[in-house]
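Colleague: quick one, what's the 3D model for this:
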Amino acid sequence: MIIGAGVVGLAVARQAALSGLSVVVVDKEKSFGFGTSSRNSEVIHAGIYYPLGSWKSKLCLKGKTQLYEYCEEHNVPHKKIGKYIVSCNGAQTETLNQIYNNSYQAGMVELFHVPEERLCEIGTSRKLDHALYSPSTGIVDSHKFMESLIWALEELGGLVSYNSEVTHINFSNNTSFEVCIDDEFLICCNNLINAAGLGAVDLRNMMPIKDQKKYENFYVKGNYFGYSSKVAFRSLVYPVPEENGLGVHLTLDMNNRARFGPNTERCFDFDYSVDPQLRKTFYDAVRSYWPDVEFDKMYPDYSGIRPKVKHKGLVSNDFIIETYEDHKSVGLVNLLGIESPGLTASLAIAETVSEFFQL
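Modeller: Below is the predicted model:
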């Protein structure tokens, strides 16, 4: 059983079905991808920023290649359009050099310094101090990708059950699991994968795990603003990263419409509304690297919430993949803090989880 019909849960479900297992996915929402999976930038990340040896680094690098191959094979709309990271002064350029060095140490070799004479071609209408170019960054239609995963799962005999909330979990001899749905139905399974996204920590904490660590939710909201006019950009444009995120960047969708975001703000509930008063903040952030952006053409679009995880007062900056070594229960995997680059890494996460299936 997989709990969670987001992109990671569906990728794990498909992988389980490919392994010959009988698979059911349950989700409390009325359809798939209602949480983080449908509320992001839809960027296929190159693996530039993540620390050497981290889950994010390893699984993003591997997952990026797998995702492009999957999209080609299954006709999922996507584009490899590249990305610029731009700096406007010497201090930011030093940060770019650190990013460049980190990416090569992590094994991400497709990152290049943009020659000075070509900086004007980026289209920011501002004199830039420096820029890096990532040709393997792209965009994907995440909805179509998740649809494709469901079709693949169902062709292999798997099922997805919506409006099905997990209300209790019991272990039997640490080798099988009893999962109660809506306080009514009991499902017994030999493999239990917690891929519940924003609800993963709460589910994990309801499990009868001995010597249980107490994880806490640490939700971070990211807002996006759309743009009502066509833009000349053909690649994504990112500023130098901030302390809590990658900065308010310019992304493009499959129809070449521009959107800006996300920002980062601590949140304590699932309020997805976008405050129109943030427009000035977004305008100033984008204007720092694209002076020609027009204030009146920016409008509140959508928001997403990142399922970060806190333990002993510290917020984890990496995926947490709990397996047998952590809880001594065969067939149980808890996927916690699966935020960006979870979409890019989804197929690689699924492959990693499959190593712990009871076949």
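Colleague: ignoring the adjacent residues along the chain, who's closest to residue 44?
Modeller: Computed as Cβ to Cβ, 6 or more residues apart in numbering, the closest residue to residue 44 that is not its neighbour in sequence is residue 138, at 4.0 Å. Where C-beta positions appear, they are placed from N, C-alpha and C, glycine not excepted.
Colleague: hang on, the one you found packs against residue 81?
Modeller: Yes. In this structure residue 138 lies within contact range of residue 81 using Cβ atoms under 8 Å: 5.8 Å.
Colleague: neighbour count winner among the two?
Modeller: Set side by side, residue 138 and residue 81 give different neighbour counts by other Cβ atoms under 10 Å, the larger being at residue 138 (24 against 18).
Colleague: what sits against residue 311?
Modeller: Contact criterion Cβ atoms under 8 Å, 6 or more residues apart in numbering gives 213, 214, 215, 216 as the residues in contact with residue 311.
Colleague: again but with residue 329, I slipped
Modeller: With the criterion set at Cβ under 8 Å, 6+ apart, residue 329 makes contact with 171, 174, 175, 209.
Colleague: element containing it?
Modeller: Under the criterion of DSSP states H and E, residue 329 resides outside all helices and strands.
Colleague: could you check how far it is from residue 77?
Modeller: With distances defined as Cβ to Cβ, to the nearest Å, the gap from residue 329 to residue 77 amounts to 39 Å.
Colleague: cool, residue 128 as well?
Modeller: Look at residue 128 and residue 77: by Cβ to Cβ, they are 31 Å apart.
Colleague: so the two - more neighbours on which side?
Modeller: The residue with more neighbours, out of residue 128 and residue 77, is residue 128; 19 against 13, by other Cβ under 10 Å.
Colleague: any idea which helix or strand carries the more buried one?
Modeller: Taking DSSP H and E as the definition, residue 128 sits outside all helices and strands.
Colleague: from residue 173, how far out is it?
Modeller: Applying Cβ to Cβ to residue 128 and residue 173 gives a distance of 62 Å.
Colleague: what's the burial count for the nearest residue to residue 241 once chain neighbours are set aside?
Modeller: Leaving aside its chain neighbours, residue 241 sits nearest to residue 247 (5.8 Å; criterion: Cβ to Cβ, 6+ apart). Neighbourhood size, residue 247 [other Cβ under 10 Å]: 19.
Colleague: so residue 247, which of the three states?
Modeller: In three-state terms, and counting by DSSP: H, G, I helix; E, B strand; the rest coil, residue 247 is coil.
Colleague: pull up the per-residue confidence for it.
Modeller: Note for residue 247: predicted pLDDT of 83.
Colleague: OK, contacts around it?
Modeller: Residues touching residue 247, when contacts are defined by Cβ under 8 Å, 6+ apart, comprise 238, 239, 240, 241, 285.
Colleague: and if you look at residue 85?
Modeller: Taking Cβ under 8 Å, 6+ apart as the test, what residue 85 contacts is 48, 96, 99, 131, 132, 134, 238, 239, 240.
Colleague: hang on, it in a strand?
Modeller: Yes. Secondary structure of residue 85, determined by three-state DSSP: located in a strand.
Colleague: just grab the bridge partners of it for me.
Modeller: For residue 85, the residues forming beta bridges with it (DSSP bridges) are residue 132, residue 238.
Colleague: ok, now which ones touch the residue nearest to residue 44?
Modeller: By Cβ under 8 Å, 6+ apart, residue 138 lies in contact with 43, 44, 68, 78, 79, 80, 81, 82.
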